[in-house]
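Show me how the following folds:
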Amino acid sequence: MKKIKVGIVGTRGLQMMLGLKSIPDVEITAMCDLDEEHLNKSADEHGIEKRYRVFEDMLDSDIDAVVISTPMQCHMPQTVAAMEAGKHVLSEVTAGVSMDELWWLCETVEKYNKIYMYAENYIYTPEVQLVKNMVREGLFGEPYYAEGMYLHNLDGLFTYPNGKTSWRSYWQCGKRGNFYPTHSLGPVMNWFPGDHVTEISTFSPGVYNDFGLKQDSGTTTMCRTANGKLLNIRTDCMSPRPHNMMTYLLQGTKGVYRSADHKDDKELVSFVGENNPIGNMQWEDLMNYKEYLPERYKNATEEQLHAGHGGGDFFIVEDFINAIRTNTQPELDVYTACEWTAVGLLSTLSVMNNAKHIEVPCFRPKLTTEEKKIILD
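As a prediction, this is how the structure comes out:
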């Protein structure tokens, strides 16, 4: 089997490192970062000899694929450059920072026919995968409503240690709306297979902080899907509160799932049954149903589990490498990446116009110019 050589750009986001190192015939041969001190520190730690400060110089090396873990405004330009150089791409979230970037991204993947995978690793957590299989087996009946919340106070990240203004002050918190939706939306959409977000409205209480930035003190984006389901996606990176970046709820006709709200809580489910009648239903531990976990999670090795997120950070890169080997675009393809990113980008327009209803384009191959229009009611 041909060895796949991988380069990583952005040495502060190395969540995929242990997973890649655990896959046979995969070698991380190069790293790239503008910060030479941090580049050398990370490369020394992981035993990587080839080091670059210029991304295009790394692309000129003999790597087969690139993991893009730079700030979000770099993701699309670096993906285009990588594909022009004949490299496959695993890109961190979000896919781009403007609607035009999303169109360019789709066009690039279609033009060069290289593997593009969206690194939405929250989908790969064991709990999300377990609920996905339980949905598939009909335990929840027909799901019709879900919630996803990403609550992560960013205080302290608006400037760099040297006092200079951080990119987060511009591309994340220098704008209004849900700038970072996919950690919430991705897992939720995973429970509605084959469905797509078709319309959104975003609400905000306004700004209740003294950071001097435009970002709202929390946004709530209501999403309607093509099949008429309702999703409630909340992001809050400005309010004073403990982190809680993985909060979910799924409601179906036969049962409900609720994630752990705090670190000491349990993941809970409740299903209608003879001993659990409607009107007097009780919660039980989600792990009572762990037989529905995918087999590879049940059989995960200690090395795979150590990669992070209960093995999720191994399985996401395993799927990326398998996509390269089979030359098959993955489930988390460019169109999925762009749809989920667009929900956040369009939320800016919505929240700035009193929660205006906005249609989300249906991302698919070979869209015409007419089909790329954003319709405002």
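
how about low-confidence regions in the chain?
By pLDDT under 70, the weakly predicted segments of the chain are 377.

check contacts around the residue nearest the centre of it.
Taking Cα atoms, centre = their mean as the criterion, residue 120 is the residue nearest the geometric centre of the chain, at 2.9 Å. Taking Cβ atoms under 8 Å, 6 or more residues apart in numbering as the criterion, residue 120 is in contact with 93, 182-183, 186, 332, 337, 340. (Glycine included, C-beta is placed from N, CA and C.)

Can I take it that residue 248 is in a strand?
Yes - secondary structure of residue 248 (DSSP: H, G, I helix; E, B strand; the rest coil): part of a strand.

isn't it right next to residue 146, touching?
Yes - look at residue 248 against residue 146 with Cβ atoms under 8 Å: they come within range, at 7.1 Å.

ok, the two, which is more surrounded?
residue 146 (26 against 22; other Cβ atoms under 10 Å).

which residue packs closest to that one, ignoring adjacent ones?
Leaving aside its sequence neighbours, residue 146 sits nearest to residue 188 (Cβ to Cβ, 6 or more residues apart in numbering; 4.4 Å).

For the helix or strand harbouring the one you found, give me every contacting residue.
Take DSSP states H and E as the rule and residue 188 turns out to sit in helix 182-189. Here helix 182-189 makes contact (Cβ under 8 Å, 6+ apart) with 93-94, 118, 120, 122-123, 125, 128, 146-150, 195, 197, 223, 231, 233-235, 245-248, 250, 337, 340-341, 343-344.

Past that helix, which element shows up next along the chain?
Heading C-terminal from helix 182-189 (DSSP H and E), you reach strand 197-203.

Show me which residues of that next one are buried.
Residues of strand 197-203 classed as buried by neighbour count (16 or more other Cβ atoms under 10 Å): 197-203.

Stretch 147-163 too?
147-154, 158.

What about the residues you listed, which are in strands?
Taking DSSP state E as the definition of strands, those contribute 147-151.

I'd like these laid out as JSON lines, including distance to residue 371.
Output for these, formatted as JSON lines (distance: Cβ to Cβ, whole Å):
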{"residue": "147", "distance to residue 371": "30"}
{"residue": "148", "distance to residue 371": "27"}
{"residue": "149", "distance to residue 371": "32"}
{"residue": "150", "distance to residue 371": "30"}
{"residue": "151", "distance to residue 371": "35"}
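
what's near enough to touch the residue nearest to residue 216 when sequence neighbours are not counted?
Nearest non-adjacent residue to residue 216, counting by Cβ to Cβ, 6+ apart: residue 204, 3.9 Å away. By Cβ under 8 Å, 6+ apart, the residues touching residue 204 are 176-177, 216-220, 351.
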